[in-house]
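Trainee: Please work out how this folds:
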Amino acid sequence: MNRFDLPDGLPVPVDDGQCAHLKAGTKFPVDILIHLPTTSKNSVDIVSQPRTIIYFYPRTGKPDQKLPDGWDEIPGARGCTPESCGFRDHYQELQSLGATVYGCSTQTTEYQQEVADRLHLPFDLLSDSKLELLNHLKLPHFTLPELDNIPLIARLTIIIKYDTIEHVFYPIFPPDKHSQQVIDWLKQNPLK
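Mentor: Here you go, the predicted structure:
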């Protein structure tokens, strides 16, 4: 098993209804998004993009860090790096389908920069460390005392057409196969 493989026996997350309010047709808070720090230091402009994919993930670790206690027992927590690698590996195909990709967590931009560089991500990671999107969109999240009870966004993906939510994937499992689920959805729902 390489370090990006997911172990067997991970608990599968269930739809607990925490994203039911994020319905297709809902306006996405562009005014918050444009102010979020990014790993490229560029501002985010989704209004001029026909489709934007934002995959939210709890947190990425570093190769020399141990996982937080109980991390593998939290449904949907494990797999942030494999999920990011999936979006990286399918990035050109996603672009060919008219989509711009961003990852987003509550980690700081400085922390995210390490993973963006290490994984050679061709897209920006957005930092919601001030919890603006989390609070405005009422995103599902969890906390761990070991991580100072900082809210960690539960794994979900929002597809936005210009400034409007088009589709939400929640819950997501397995995360390492999620980019293909997004590609399949984009192919079934081509831009018009």
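Trainee: for this protein, what are the low-confidence residue spans?
Mentor: Within the chain, the segments meeting pLDDT under 70 span 1-4.
Trainee: can you give me the strands in it?
Mentor: Under the criterion DSSP state E, strands of the chain are mapped to 51-56, 99-105, 124-127, 141-142, 152-153, 156-161, 164-169.
Trainee: centre of the chain versus the third one, how much separation?
Mentor: It refers to strand 124-127. 9 Å (CA atoms, centre = their mean, to the nearest Å).
Trainee: Mind giving me the packing neighbours of that strand?
Mentor: strand 99-105, helix 109-118 (3 or more CB pairs under 8 Å, 6 or more residues apart in numbering; DSSP states H and E). (Each C-beta comes from the backbone N, C-alpha and C, glycine too.)
Trainee: Reformat these as JSON lines; add distance to Arg78 and mean neighbour count.
Mentor: Converted to JSON lines, the helices and strands packed on strand 124-127 look like this (distance: least, CB to CB, whole Å; neighbours: other CB atoms under 10 Å):
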{"stretch": "strand 99-105", "distance to Arg78": "14", "mean neighbour count": "23"}
{"stretch": "helix 109-118", "distance to Arg78": "15", "mean neighbour count": "17"}
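Trainee: between the ones you listed, which gets nearest to Asp16?
Mentor: Among these, strand 99-105 comes nearest to Asp16, with 19.9 Å by CB to CB.
Trainee: just checking, what packs against that closest one?
Mentor: Against strand 99-105 (3+ CB pairs under 8 Å, 6+ apart) you get strand 51-56, helix 80-89, helix 91-96, strand 124-127, strand 152-153.
Trainee: Tell me which of those sits most buried.
Mentor: Highest mean neighbour count among the helices and strands packed on strand 99-105 (mean count of other CB atoms under 10 Å): strand 51-56, with a mean of 24.
Trainee: Note down every partner strand of that strand and its orientation.
Mentor: When pairs are called by DSSP bridges, strand 51-56 turns out to pair with strand 99-105 (parallel), strand 156-161 (antiparallel).
Trainee: now those strands in JSON lines, with distance to Gln188?
Mentor: Below are these laid out as JSON lines (distance: least, CB to CB, whole Å):
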{"stretch": "strand 99-105", "distance to Gln188": "13"}
{"stretch": "strand 156-161", "distance to Gln188": "12"}
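Trainee: out of the ones you listed, nearest to Asp15?
Mentor: It is, among the strands paired with strand 51-56 and with distance given as CB to CB, strand 156-161, at 10.5 Å.
Trainee: between that closest one and helix 80-89, how many degrees?
Mentor: Strand 156-161 runs at 30 degrees relative to helix 80-89, counting by axes from the mean of the first three to the mean of the last three CA atoms, to 10 degrees.
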